[in-house]
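Student: A structural model of the following input is requested.
(one chain, ligands or ions: 1)
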Amino acid sequence: MVDAPKRMTVPRFAALKGKANRITMLTAYDDPIARLVDRSGAEAVLVGDSLGMVVQGKESTLPVTLDEIIYHTEIVGRAVKRALVIADLPFPTFHLGEHRAIEMAGRVLKETAAQAVKLEGGTQQAKTIAALVSAGIPVMAHCGLRPQSVHQLGGYKVQRDEDQLLADAQAAADAGAFAMVLECVPASIAKSITAAVPVPTIGIGAGPDCDGQVLVTHDVLGLTSGYVPSFVRPYANLRETISDALVRFREDVREGKFPGEEESFR
Ligand code: KIV
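Tutor: The predicted model follows:
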């Protein structure tokens, strides 16, 4: 009998810090993509609040609700058999005090198969991170560009304040975060943070020296119809593939070529 692949756990993920083989994390919001991401061997699947923009076609991640995150994480959590499943805490669930944060993150862990939550912030969220961790809820922090603070930051801009970025990363690690996303940070600063903190850094637009990389899967697959950031490398052009297939189907239907005999019952 072949052994089932070993399930990624939070301690195993944290122990990947500094390893030569970098960590891969990808987003998923539904069953088919979650299964494919899991099959790729990625160490973590993130149910990101990017679902607001990627799936719901909204302008930002701000409208995403906790119920929507739970809905999608329940689906992804059932599909994934091997990777670590992490759910984003949407705005403003973790700004409402430590008890509310535990209540809401607790719902995610009770109602889905997520093993951890992710939240945006460093120094300002350190108390909340510590409270969640003390309640047994593993936290991945998210420093650098925090898309939920887009209005305060004045747009989706590269974050360059090295002292603040280092302080945020250090505060998140000190508070007990088991890993952190670094988004839109100059490569040299991400490298310094990666050397300074004892937990894995997962970069997105943060250069090659992080312990791992994360991208939105729809961007990697070339499925995104709107703006695609310059730090993305698309590995497929599924928009074109899907569009071609749908046009060919429509043509076959119009010309009476579908269904054929083999697609019809006798
Ligand atoms: O919401 C999300 O998908 C994210 C990743 C892009 C890191 O936060």
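Student: list the buried ones in stretch 44-51?
Tutor: 44-51 (16 or more other C-beta atoms under 10 Å). Yep, even glycine has a C-beta here, placed from its N, CA and C like the rest.
Student: kindly report the same for stretch 54-67.
Tutor: Neighbour count says stretch 54-67 has 54, 61-62, 64, 66 buried, by 16+ other C-beta under 10 Å.
Student: which residues touch Leu66?
Tutor: Neighbour list for Leu66: 89-90, 93, 104, 107-108 [criterion: C-beta atoms under 8 Å, 6 or more residues apart in numbering].
Student: for the residues you listed, which two are the farthest from each other?
Tutor: Using C-beta to C-beta, the two most remote members of those are Pro90 and Arg107, lying 11.8 Å apart.
Student: the two: who's more crowded?
Tutor: Pro90 (25 against 15; other C-beta atoms under 10 Å).
Student: just the C-alphas of stretch 227-241, formatted as PDB.
Tutor: Output of stretch 227-241 as PDB, limited to C-alpha atoms (Å, rounded to 0.1, in the frame of the first residue of the first chain):
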ATOM      1  CA  TYR A 227      -4.900  44.800 -14.300                       C
ATOM      2  CA  VAL A 228      -2.100  42.300 -13.600                       C
ATOM      3  CA  PRO A 229       0.800  43.600 -11.400                       C
ATOM      4  CA  SER A 230       4.300  43.700 -12.900                       C
ATOM      5  CA  PHE A 231       5.600  41.300 -10.300                       C
ATOM      6  CA  VAL A 232       3.400  38.500 -11.800                       C
ATOM      7  CA  ARG A 233       4.800  35.900 -14.300                       C
ATOM      8  CA  PRO A 234       1.900  34.200 -16.100                       C
ATOM      9  CA  TYR A 235       2.600  30.600 -16.800                       C
ATOM     10  CA  ALA A 236      -0.400  30.000 -19.100                       C
ATOM     11  CA  ASN A 237      -2.900  32.000 -21.100                       C
ATOM     12  CA  LEU A 238      -6.200  30.400 -19.900                       C
ATOM     13  CA  ARG A 239      -8.200  33.500 -20.900                       C
ATOM     14  CA  GLU A 240      -7.400  32.800 -24.500                       C
ATOM     15  CA  THR A 241      -7.700  29.000 -24.200                       C
END
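Student: do that stretch and the ligand come into contact?
Tutor: No. Looking at stretch 227-241 against the ligand by C-beta under 6 Å from any ligand atom, there are no contacts, and the closest approach is 9.7 Å.
Student: now, the contacts of Leu66 that are in strands?
Tutor: Using DSSP state E, no member of the contacts of Leu66 sits in strands.
Student: which one in those residues is the model shakiest on?
Tutor: Across the set of the contacts of Leu66, Thr93 stands lowest in pLDDT, at 95.
Student: who in the stretch 1-150 of the chain is up against the ligand?
Tutor: So the stretch 1-150 of the chain meets the ligand at 27, 46, 48-50, 88, 142 (C-beta under 6 Å from any ligand atom).
Student: just give me the closest of the residues you listed to Thr241.
Tutor: Distances from Thr241 to those, taken as C-beta to C-beta, are shortest for Thr27 (19.7 Å).
Student: dump the residue contacts of the closest one.
Tutor: 37, 45-48, 50-51, 54, 214-218.
Student: rerun at 7 Å
Tutor: 46, 48, 50, 216-217 (C-beta atoms under 7 Å, 6 or more residues apart in numbering).
Student: and for Ala131?
Tutor: 98, 101-102.
Student: and the closest residue to the ligand within the stretch 1-150 of the chain, how far is that from Cys143?
Tutor: Here the stretch 1-150 of the chain gets closest to the ligand at one residue, Gly48, 2.0 Å apart by C-beta to the nearest ligand atom. With distances taken as C-beta to C-beta, to the nearest Å, Gly48 is found 15 Å from Cys143.
Student: now swap in Arg248 and tell me
Tutor: In terms of C-beta to C-beta, Arg248 sits 46 Å off from Cys143.
Student: give me the more crowded residue out of these two.
Tutor: Higher neighbour count among Arg248 and Cys143: Cys143, with 32 against 12, using other C-beta under 10 Å.
Student: quick one: mean pLDDT over the helix or strand the more buried one falls within.
Tutor: Assessed by DSSP states H and E, Cys143 sits inside strand 139-144. Mean pLDDT, strand 139-144: 98.
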